[in-house]
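*Asks:* next one to model:
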Amino acid sequence: MLKLKGELRSAKGLKDEAGERDREVNNLNSKLLSLQLDIKNLHDVCKRQGKTLQENQLCVEEAMMNNSHNKKQGQALAYKETQIEFKSNKQCHLRQLQQLKKKLLALQQELEYRTQELQNSYCSLLQYQSILEKQTSDLVLLHHHCKLKEDEVILYEEEIGNHNKNTGEKLHLAQEQLALAGDKIVSLERSLNLYRDKYQTSLSNIELLECQVKMLEGELSGIISQEPENKGDHSKVRIYTSPCMIQEHQETRKRLSEVWQKVSEQDDLIQELRNKLACSNALVLEREEALIKIQADFASYTATHRHPPTSSEDCEDIKKILKHLQEQRDSQCLHIEEYQNLVKDLRMELEAVSEQKKNIMKDMMKLELDLHGLREEASAHIEKKDKEAATLQHRLFDLQQQFAETQKLALKKDKLLQDKDERLHELEKKLAQVQNTFMEKEMELEKLQRTTKDLDTSLQEAKQDTSKMDCEALRAEVQKLKESLDEAKEQLKLSDQNLTRCKEEAHQAGSNLEDAHRKIESCLLQDKQKTDVIKDLQGQLQKLQMESSAAEEERKSSRKQIEELTSELKEDQRRITNSDKEKSMLQKTLIENERKINDLLDSVKTSEQKQRELTNTKNKLQEELQEMKGLLEEKREQLKRSKEQEKSLEGETEALRQEAKKKEKMAKEHLRKLEEEKENLQTELNACSSHLESSINKYNNAQKTIQELNIEIGRQKEAIMILQAQLDAAIQKEKNCLQNMVSKEAYEEVLRKSGICQDDLTQALEKLTHTTSETKSLQRSLQQAQERKAQLEDEIIAYEERMKKLNMELKKLQGFHQQSELEVHNFDKKLEEMSNQVLQWQKQHQSDLKMLAAKESQLREFQEEMATLKESLLADEKEVGTPPQRVTTTKENCRLHRDNDQIMCNMEQWAKEQK
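*Replies:* Numbers count the residues shown, from 1 in each chain. Have a look, this model is predicted:
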């Protein structure tokens, strides 16, 4: 990736350089256009000057004709002298012409040499253009393909980025939710502690209330035993104590209502936490599904896009980057596993809190029931005491009336005392008989009490025996589990010493330990349930003891009342009838227990049927093991195939790398050639530009000379006009002289003047010829310069096109390089995926072998458990015949039934996991 970034930066620099070169070329084009315009303007000026020169030549020729005519008319000597001078001037002019011709020949040779060079360069340019066109077509296709791949890669990176952002946000939210859940759990624990404290305070208050009730009952019994004078104050005490009890009951009700409100709030909080956990689990599942989809898409993408890699160094860099990404992914997976473990711990804590809450609710319900029972008992006891006090008051009133009547009749019945004494003796005898009968009844009651106590002791012994048997069985199970744990630990130690691949065996041992922990937890839950049952039975026994103690107190009070009142004998008889009813109820319970024993025997039969079903499931599991072995063989074959595919892929990668190296060498050579051609063209451009500048300077100098010549020509024209006027005047004078016979002196002066004029004319003619030759040479040089300019423009255009093509080729080569790097990256990813798949298959193969061994060991354990269960069932069936052992056998049969159910559940779970 770093190399790709560096190459992208270099490509950007090349693009910037190409842009600067394009700007320079545009500036040169603008300069050339301005020069073309200047040359066109100069060409027009030269044409105009040529026209003026032609007109001047015509004028000069006419002047020559006139001069020749004048010379013919003039003297021959002067004409000959002028001819001699003209010949000398002509020879000089010819020499100058020869020099100019030599210069022209040299220039023509240079032009031919330059034209040959231009033709050769033009042919090479055509060849390069054909090559460049082919390469441009190939590069265009490659560039298009690269753009498509870049778009796909960009989309994939955007998707991955969005997915990573979403996963990060979701993980952050999950962390926040976990933190909130932890805070809520802490608050719940605090509230639970507060509720426990309140519960303990409420229990202490209830105990205090019970103590107060007992104290009040003692006070009531003391008040009843006191003298009738003090009986009048009993109502006040009862009136005083009853509102206190009512207030305390109201306070307890308020506390209970507050506790119920807090418990409902905790229920709402726990439900919210459960909903949040469900949402978080759903989000985790969705994320896992999205990851699986992305992995499948990426695998399909790598399978459909296979391209040759670039270089080994790039491959190594890409592998390093991939390793870094894999390390990041592994770290993220570890974080996710930690979060999952935290979620599991929170779930376990929530379950524990919910169980504690349920226990608290049960305790609160029990307390409410106890309070309700206490209230009813207190109200019933108060009503009874009120009724007894009312009856006692009525009796006291009757006795007082009787005492008054007896006092009145005492005086009257003194005489009858003797008779009454006799009657009293008789009554004493009768009372002795009645007392004897009472003593006999008391003895019978004591016997009944002894029988009830014996029954209670027998029941307690039976319960203790059952609880002891259950505890012993549970202890035996716990010891077995501990032994199995010790064996597992020893196996782990041996595996750590012997095997190198300790991680996988540690995972398996962890799974076995988790199963053992689960079994232990299930056993502990059963122990808790049994302890709860034992506590409930103990509570019932305590209630029965309390009832028996209350009955004993009532019996004591009844004995006291029997001594005072004989009317309460009927109530004792009723109680005896109630005890008979209780005996009948006990007999019914014994019959029901016998029925339960029969039901347990039926359940034993059903357990035997379940054992048969277990044997069937065992056979099915063996068949599934055989199928798993076949699958393992298939996986081995797949591993062999994958290894062969890896070898073939490695050969392909080496071939592709060699091809990539060859292509890189060809591209580098081509780039070097293009750079050399570019430098040659730049040198040619510099030479052409210097030649243009020199030609422009020459042209400017020629323009200046032409202007000077034009000025001189104008002057000479004026002089010629003056001379013509003088000639006309001289001709007229000659005519006049001929006519008038002028003297010789005038004639000689005229001849001198004509000679001077002829010299001036010859000089002017020479200058004209020189200027005409220079103008022609300048015109030729201008034409050559224009042709050279056109050629240079064509070359510049071709060079610009070539530069554009070269830029395109560079871009395409860069795209091809990037594409090849991406293909190498994808190919390395594919190789790593293949290697990971091979490792996963190997791990799966090893784990499957270990699972098979573990399953075989589990089957052996199940067989041993089945054998032990059969032996225990046979022993139980033998022991069912004895009636005192029925209770213990029923409990053991229940335990065996539960064990069989657990074994069936474990077997079903194991079968589901295998499927």
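
*Asks:* what mean pLDDT does stretch 793-803 have?
*Replies:* Averaged over stretch 793-803, pLDDT sits at 73.

*Asks:* please apply the same query to stretch 359-371.
*Replies:* Here the average pLDDT along stretch 359-371 is 70.

*Asks:* ditto for stretch 640-651
*Replies:* 72.

*Asks:* please apply the same query to stretch 385-399.
*Replies:* 73.

*Asks:* equivalent analysis for stretch 809-816, please.
*Replies:* Taken as a whole, stretch 809-816 has a mean pLDDT of 72.

*Asks:* ok, stretch 832-843 next?
*Replies:* In the prediction, stretch 832-843 has an average pLDDT of 71.

*Asks:* tell me how many other residues surround residue 439.
*Replies:* 10 (other Cβ atoms under 10 Å). For every residue, glycine as well, the C-beta is placed using N, CA and C.

*Asks:* which strand or helix spans it?
*Replies:* helix 417-498 (DSSP states H and E).

*Asks:* how about residue 815?
*Replies:* helix 744-879.

*Asks:* swap in residue 144?
*Replies:* Assessed by DSSP H and E, residue 144 sits inside helix 76-225.

*Asks:* can you check residue 599 too?
*Replies:* Per DSSP H and E: helix 569-740 holds residue 599.

*Asks:* now do residue 208 against residue 254, distance only.
*Replies:* Distance of residue 208 to residue 254, computed by Cβ to Cβ, to the nearest Å: 17 Å.

*Asks:* try residue 616
*Replies:* 62 Å.

*Asks:* likewise residue 776?
*Replies:* 134 Å.

*Asks:* likewise for residue 170?
*Replies:* 46 Å.

*Asks:* tally up the residues packed near residue 805, please.
*Replies:* Residues near residue 805, counting by other Cβ under 10 Å, number 19.

*Asks:* what of residue 659?
*Replies:* Neighbour count of residue 659, defined by other Cβ under 10 Å: 12.

*Asks:* repeat for residue 677
*Replies:* 17.

*Asks:* got it, and residue 169?
*Replies:* Other residues close to residue 169 by other Cβ under 10 Å number 10.

*Asks:* and the gap between it and residue 163?
*Replies:* On the measure of Cβ to Cβ, residue 169 and residue 163 end up 11 Å apart.

*Asks:* ditto for residue 330
*Replies:* Noted for residue 330: a distance of 17 Å to residue 163, by Cβ to Cβ.

*Asks:* more neighbours: which of the two?
*Replies:* Per other Cβ under 10 Å, whichever of residue 330 and residue 163 has more neighbours is residue 163, with 14 against 10.

*Asks:* okay, now the domains of this structure?
*Replies:* 2-159+681-834, 424-567 (automatic domain parsing).

*Asks:* where among those is the average confidence lowest?
*Replies:* Lowest mean pLDDT within these: domain 424-567, at a mean of 63.

*Asks:* put the alpha carbons of stretch 661-678 into PDB.
*Replies:* Taking Å, rounded to 0.1, in the frame of the first residue of the first chain, the C-alpha atoms of stretch 661-678 are listed here in PDB:
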ATOM      1  CA  LYS A 661       9.000  -9.000 -14.600                       C
ATOM      2  CA  LYS A 662       9.300  -9.400 -18.400                       C
ATOM      3  CA  LYS A 663       6.600  -6.800 -18.900                       C
ATOM      4  CA  GLU A 664       8.200  -4.400 -16.500                       C
ATOM      5  CA  LYS A 665      11.500  -4.700 -18.400                       C
ATOM      6  CA  MET A 666       9.800  -4.100 -21.700                       C
ATOM      7  CA  ALA A 667       8.000  -1.100 -20.300                       C
ATOM      8  CA  LYS A 668      11.200   0.300 -18.900                       C
ATOM      9  CA  GLU A 669      13.000  -0.100 -22.200                       C
ATOM     10  CA  HIS A 670      10.200   1.500 -24.000                       C
ATOM     11  CA  LEU A 671      10.100   4.400 -21.600                       C
ATOM     12  CA  ARG A 672      13.900   4.900 -22.100                       C
ATOM     13  CA  LYS A 673      13.500   5.000 -25.900                       C
ATOM     14  CA  LEU A 674      10.600   7.400 -25.600                       C
ATOM     15  CA  GLU A 675      12.700   9.700 -23.300                       C
ATOM     16  CA  GLU A 676      15.600   9.600 -25.700                       C
ATOM     17  CA  GLU A 677      13.300  10.500 -28.600                       C
ATOM     18  CA  LYS A 678      11.900  13.300 -26.500                       C
END
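
*Asks:* neighbours of residue 810, just the number please.
*Replies:* Residue 810 has 19 neighbouring residues, counting by other Cβ under 10 Å.

*Asks:* please apply the same query to residue 821.
*Replies:* Counted with other Cβ under 10 Å, residue 821 comes out at 22.

*Asks:* likewise the one 4 residues further on?
*Replies:* Using other Cβ under 10 Å, residue 825 has 23 other residues around it.

*Asks:* please tell me how far it sits from residue 819.
*Replies:* Separation of residue 825 from residue 819 (Cβ to Cβ) stands at 10 Å.

*Asks:* same question for residue 627.
*Replies:* Separation of residue 627 from residue 819 (Cβ to Cβ): 47 Å.

*Asks:* which one of those two has more residues nearby?
*Replies:* Using other Cβ under 10 Å as the criterion, residue 627 and residue 819 rank with residue 819 on top: 23 against 11.
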